[in-house]
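In: Next comes the sequence, and after it the predicted model I'd like to discuss.
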Amino acid sequence: MEFFSTNNLTAVGSSSSSAQCHPIQRCLLYDFCCIFVKGRSIAQNIRGGTIRLEGATVLSKRYRAAIKRSLKLLEQNDSSKTSSGKNVQQLGEELCSFSLLWSLIEAVTFRPSQNLIVVDLLEWAHECFPSTQSLIPSVQSNHLRDSNFLGTVMEELMQQERPEDHESYWNSVLRQMLCADFSSVLTLLQFHSAFKNDEALLKMAKILQSVNVSLFKYDRTNCDEFLALRKKVCDLTAHKQMFRSHDNLGVICSLLIGDRGTFKKYFDLFRPNWFEVFPAFLLFFYPSSTGEQMPKVIENFFNLVSVRRDKLSQLEQTILSIVEFDLIKGLRLICSAGQSACWFATHLVDLLHFHDSNFLNPTLTATLPSGGAQKLLDGFSKDSADFDLRSRLLVEYAQLLFQDDQLWEIAAEYLIASGLGSVGQRILDQLVSQFNWRGNTSVAQRLLTICDRYELGTAREDILRSLVLMLCRQGEWTSALGWALQMSSNELTVNVSRRILEGAISPDRIGQMRIFEALDDQFVNCSELVLLYKFYTFKRLLLEGELRQAVHILHELFIDNSSPVEFHAVLFEEMIRILCSFQQPLVGLDVLNPEEMISPGLDRELVQDMFRSLSMLHLQQQLLATKSRSGGSRSVERPTKALFPPNDSMAQSDELSERVTNLMETLRPMLTQALANCFLD
């Protein structure tokens, strides 16, 4: 069955925003990230950055355990389809394939070099095919076989008085033996009704137990004990004819001593996947083989069981490459599977790199595919062709993670660990900057956290700009100003402040802008923000009853010609309110002492300044109105593109002019009276 197919991609890496990976798979990738980070921590604390065999094995087992947990969760999952439309069973089959490959690479790579390869492969087979019913898809079928096949057979046979009378009993025994699963064969033989009294059965059980012990002992550097036991079996069958009354026990003996005809006969009968029985073939016929001899051994095996290399699926080709100790070819097949295998290839290559950095050097891996990473790398470095496979895979995987709205946060870990230095940081800067946070301010804040952690200046400014503009469109001017203040430039701060001064929010709301309480000296360089801060202070002083101080600040705002006309209208309204308050008894004064009911005191020069400012503003408004009326009939002013388009339509301009004129007419006599009172004082 073709497992690595670009038609069956996992959701990670899907270019479609609607295609998201299954929640269980997402948890798996988070688990892998935690193990990845742990591996980096271990490598950094070791001289040379190379993880010892024991450490690499521990990390490898953790990766495999994470895949197995995901498989168990999928078995318990009720949904038949993932959110990307993928069949849950199909996803389970893919994870089974990856589990099989990872454990096989672990068996042939993270092992003492002096150990016999046959024992490591037998352990791999026993772990992956515990019932010899493959946990991965059969080559002959399109469905997962029952992983508890042997347990089901045993449960049925236990209820029978004579299990050996049933064909399924001996089929199970011989199939287990074909795979060199001696423990299962021994267990099944014990269900034989005559087991306790039959000398041949007892003898066979003892032999199988001895074989099992001899193979999986602590010292795995030789198979002398196994060869001695096999010679003993030859003697029992040839000379003593111990098993002549038990045809099936005779088959077991024939397999054990390496009879090719028997092996082929039962392989053709049961038709298991070739890689399930290859470790047994290696034990029965070439137990002392080394890694260098494996290609020749496999050729003999394929000739015996009539398997053709050109008919192998991509999964089988990958397994074959690994068993032949051609791991580079195996990695090429894995990497060529596309995005579906990227997460698997990335973590596998990373672990191999830190176990032996020379093994995956750029020369050996230069021809290995790396998806879309190369194009991205080319845009950041002229020497990108010299980057090793690990770096290229980490970049590609990070790209894919940024395409999933719940996995993007872990992408930074991979880019920073890529060893690309400033190139990796610039790539991360671009990916964060281009990430679509869909107007979610919570996501934007998390992106900004990444920017601060890894000093991503460009991305930080882009996100803040987008955030400010979005809040302005939503009318959230106070929040927009708060985010604009976090930018390195004053451009947006100036624009947002000016729009607030022009009336984007009410004067009372300006007095509630608590962001000014936490400001430092950064607003000194922005005149618009200074005006806002002064007006905020003015409103706060009014609320606190500090009229004298409030009037002095209002005076400063009044004589500042940098503020927009709309803001002057606001100042007029505030001045009118204050002057009106002078004509009312002030709250809090003692009504029994009316002589103390005096105004807070308007300074003569202060009133004169306000009067002059009012006159100049009135004259300016008249000139602007005249120019607008005369120019409007002759030409239409070409619109200019601005960050915040001003509200400068003809109707709004006329309305504002009329409003300012009315306010000035109201304010002028009040200021005149206030000035007269000052002179009378």
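Out: Perfect, thanks for sending it.
In: does Phe98 really touch Phe344, like I thought?
Out: Yes. Using C-beta atoms under 8 Å, Phe98 makes contact with Phe344 at a distance of 4.9 Å. Glycine gets a C-beta too; all of them are placed from N, C-alpha and C.
In: Pick out whichever of these two has more residues nearby.
Out: A count of neighbours by other C-beta atoms under 10 Å puts Phe98 above the other of Phe98 and Phe344, at 28 against 25.
In: The more buried one and Trp437, how far apart?
Out: The gap separating Phe98 from Trp437 is 31 Å, by C-beta to C-beta, to the nearest Å.
In: again, but for Phe572
Out: Distance from Phe572 to Trp437, counting by C-beta to C-beta: 42 Å.
In: May I see the buried residues of stretch 171-190?
Out: Under the neighbour-count criterion of 16 or more other C-beta atoms under 10 Å, stretch 171-190 has 172-182, 184-189 buried.
In: Same check on stretch 559-574?
Out: Asp560, Ser563, Pro564, Val565, Glu566, Phe567, His568, Ala569, Val570, Leu571, Phe572, Glu574.
In: could you dump that stretch to PDB, C-alpha only?
Out: The C-alpha trace of stretch 559-574 is given here as PDB (Å, rounded to 0.1, in the frame of the first residue of the first chain):
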ATOM      1  CA  ILE A 559      -2.200  79.700  22.800                       C
ATOM      2  CA  ASP A 560      -0.700  76.600  21.200                       C
ATOM      3  CA  ASN A 561      -1.100  77.100  17.500                       C
ATOM      4  CA  SER A 562      -0.100  73.500  16.600                       C
ATOM      5  CA  SER A 563      -3.500  72.000  17.500                       C
ATOM      6  CA  PRO A 564      -6.100  71.400  14.800                       C
ATOM      7  CA  VAL A 565      -9.200  73.700  14.500                       C
ATOM      8  CA  GLU A 566     -11.500  70.900  15.700                       C
ATOM      9  CA  PHE A 567      -9.500  70.800  19.000                       C
ATOM     10  CA  HIS A 568      -9.800  74.600  19.300                       C
ATOM     11  CA  ALA A 569     -13.600  74.200  19.200                       C
ATOM     12  CA  VAL A 570     -13.300  71.800  22.100                       C
ATOM     13  CA  LEU A 571     -11.100  74.300  24.000                       C
ATOM     14  CA  PHE A 572     -13.700  77.000  23.400                       C
ATOM     15  CA  GLU A 573     -16.400  74.800  24.900                       C
ATOM     16  CA  GLU A 574     -14.300  74.000  28.000                       C
END
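In: In CSV, list the buried residues of stretch 559-574 along with distance to Ala504, secondary structure and pLDDT.
Out: Formatted as CSV, these follow (distance: C-beta to C-beta, whole Å; DSSP: H, G, I helix; E, B strand; the rest coil; pLDDT from 0 to 100):
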residue, distance to Ala504, secondary structure, pLDDT
Asp560, 19, coil, 78
Ser563, 14, coil, 77
Pro564, 11, coil, 81
Val565, 15, helix, 76
Glu566, 9, helix, 80
Phe567, 11, helix, 84
His568, 16, helix, 78
Ala569, 14, helix, 77
Val570, 12, helix, 83
Leu571, 16, helix, 82
Phe572, 18, helix, 78
Glu574, 17, helix, 83
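In: And stretch 224-243, how far out from the chain middle?
Out: Distance, stretch centre to chain centre, for stretch 224-243: 57 Å (C-alpha atoms, centre = their mean, to the nearest Å).
In: what about it, average pLDDT?
Out: Averaged over stretch 224-243, pLDDT sits at 84.
In: Let me see the residues that make contact with that stretch.
Out: 200, 203-204, 207, 210-211, 214-215, 217, 249-250, 252-253, 256-258, 283, 287 (C-beta atoms under 8 Å, 6 or more residues apart in numbering).
In: still on that earlier bit, cross the buried residues of stretch 171-190 against helices and list the overlap.
Out: Using DSSP state H, the subset of those located in helices is 172-178, 182, 184-189.
In: residue contacts, Glu455?
Out: Counted by C-beta under 8 Å, 6+ apart, Glu455 has contacts Gln425.
In: Can you pull the phi/psi pair for it?
Out: phi 60, psi 50 (degrees, to the nearest 10).
In: For the residue nearest the centre of the chain, give me the pLDDT.
Out: Nearest to the mean C-alpha position of the chain, counting by C-alpha atoms, centre = their mean, stands Leu407 at 2.9 Å. Note on Leu407: pLDDT of 93.
In: average pLDDT across the helix or strand hosting Leu333?
Out: Using DSSP states H and E, the element containing Leu333 is helix 327-335. Mean pLDDT, helix 327-335: 90.
In: Next, count neighbours for the closest residue to Leu312 other than its chain neighbours.
Out: Nearest residue to Leu312 in three dimensions, chain neighbours excluded: Leu320, at 6.5 Å (C-beta to C-beta, 6 or more residues apart in numbering). Using other C-beta under 10 Å, the number of residues around Leu320 comes to 23.
In: before we move on, what about Gln76?
Out: Each residue near Gln76 was counted by other C-beta under 10 Å, and the total is 7.
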